[in-house]
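**Student:** please find the sequence and the predicted model below.
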Amino acid sequence: MVFELASAQRRLGADVEIWTVNATRAGSTEHFEGLPIRYFYPDRAFGLAKSKRMEQAFADLPRDSVLHSHCTYHPLNLQVGRAARRHGHRAFYHPHGALSPLWLKGWNFQAFKKRAYIALFKKRNLSHASGVFALTEAEREDLFSLGIGAPLSVLSNGIVPVAQASPDAGQEFRRRFGIPPNAPAILFIGRIVPLKKLEDIIGVLAELRDTHPDLHLIIAGEVRPRAAYASWLKERALAMGVAERVRWTGFLDEKEKPAAYAAAQAFVHASDSEGMSISILEAMSAALPVVVTRGCHMSAAAEAGALLECAQGAGPLAQAIARCLAAAPGIVDRALEYVKRCHSWDSLARQAIARYEEAKRIV
């Protein structure tokens, strides 16, 4: 998101640079499509990274510059906050869903460490910011519940629309993975992890066995990082008697995805919690009808009629997918319009710049 948002802001005439730490490129500035990326040497202590050279560069900036930070748990966030308060800059932060209560509950080490970091450092730093951006209204409410005192606003993820593949490319994809030419297929693209509730999506095939006996499921994602979960899913599919209609493609790169979209009749995500899934937005831009559960936090798109949203579970998903397969054209047209209107990088860049200026007027 960082590169695309900054590039769009620069196209609109803003003087934007990306600053980051990188020991091998430190001291250099590279230009990508006209966008300068400056590299600073990281200073390391106790396993954490900050940069004294970047701190000096903050001091050299004109007063009231905008610092927009995206790395939620990185110590550079604290450095950005200190520089903003010390030198009269405006600091904005983008947690990208990383402060969701889902990641903070329980007593495992990761959750405990995050809660401690938020209590000791993060909450104060965010509360002194000129603004904090949430990806969705649900995330904005989460940030408010955490007690973040800074102005909170929604700035969604953006995408570059997916180039739509030809029907022939879709049929070739089907031949590659053994999907009958005329069988309806639903598609999932994402990480193969328990949070995504793939067992519910597999369960759709069993739920719709009588009305859609030839419905296939395409699961695209890297299996190896969670091999045990993938094995359990395959056992579940066998136990439900639907394994022969599930296709595991492995990871698909950006060149392969358009053909996968063209091969399917609907896209489905059943996650317990999402910041804002890029794959959902890409599927919408590829003219594929989309079904999501409420944990995907796409209620604004659902209210616009751009996708179908349902409760968690194989049953509600099956009902929504059956509706989606029967009423695709209207959903597709609304989805294409919605993505263009709400998730283009130029639109989001304008929104961000407006928030920067609004904060300046408040001060």
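**Tutor:** Happy to help now that I have it. Numbers count the residues shown, from 1 in each chain.
**Student:** now do the end-to-end distance for stretch 211-226.
**Tutor:** Distance between the two ends of stretch 211-226: 33 Å, counting by Cα to Cα, to the nearest Å.
**Student:** please shift the residue numbers so they start at 13 in all later answers.
**Tutor:** Let's use 13 as the start, then, which means that last one is stretch 223-238.
**Student:** neighbouring contacts of it?
**Tutor:** Residues from elsewhere that reach stretch 223-238, judged by Cβ atoms under 8 Å, 6 or more residues apart in numbering: 189, 191-192, 195-206, 210, 213-214, 216-217, 220, 242, 254, 257-264, 269, 272, 275-276, 334, 337. C-beta here means a position set from N, CA and C on the backbone, and glycine is covered the same way.
**Student:** for ChimeraX, what selects the buried ones among these?
**Tutor:** Buried subset of these, written as a ChimeraX selection, criterion 16 or more other Cβ atoms under 10 Å:
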select :191,196,197,198,199,200,201,202,204,210,213,214,216,217,220,242,254,257,258,259,260,261,264,269,272,275,276,334,337
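**Student:** what's the burial count for residue 23?
**Tutor:** 15 (other Cβ atoms under 10 Å).
**Student:** quick check, it in contact with residue 358.
**Tutor:** Yes - using Cβ atoms under 8 Å, residue 23 is in contact with residue 358, at 6.9 Å.
**Student:** for the longest helix along the chain, packing partners?
**Tutor:** Longest helix in the chain by number of residues (criterion: DSSP state H): helix 357-374. Packing contacts for helix 357-374, counted by 3 or more Cβ pairs under 8 Å, 6 or more residues apart in numbering; DSSP states H and E, involve helix 14-23, strand 102-105, strand 143-146.
**Student:** I'd like those as a markdown table, with mean pLDDT and distance to residue 353 appended.
**Tutor:** Below are these laid out as a markdown table (pLDDT from 0 to 100; distance: least, Cβ to Cβ, whole Å):
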| stretch | mean pLDDT | distance to residue 353 |
| --- | --- | --- |
| helix 14-23 | 94 | 15 |
| strand 102-105 | 94 | 23 |
| strand 143-146 | 94 | 19 |
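**Student:** and residue 266, what pLDDT?
**Tutor:** At residue 266, the model reports a pLDDT of 90.
**Student:** how close does it get to residue 160?
**Tutor:** 35 Å (Cβ to Cβ, to the nearest Å).
**Student:** cool, and residue 13?
**Tutor:** Taking Cβ to Cβ, one finds residue 13 at 20 Å from residue 160.
**Student:** so how far is the longest helix of the chain from its chain's centroid?
**Tutor:** Distance, stretch centre to chain centre, for helix 357-374: 21 Å (Cα atoms, centre = their mean, to the nearest Å).
**Student:** residues making contact with that helix?
**Tutor:** 16-17, 19-21, 23-24, 26, 76, 78, 80, 102, 104, 142-143, 145, 163, 165, 167-168, 170-172, 353.
**Student:** likewise stretch 175-190?
**Tutor:** With contacts defined as Cβ under 8 Å, 6+ apart, stretch 175-190 is touched by 191-193, 197, 230, 259, 261, 268, 270-276, 298-299.
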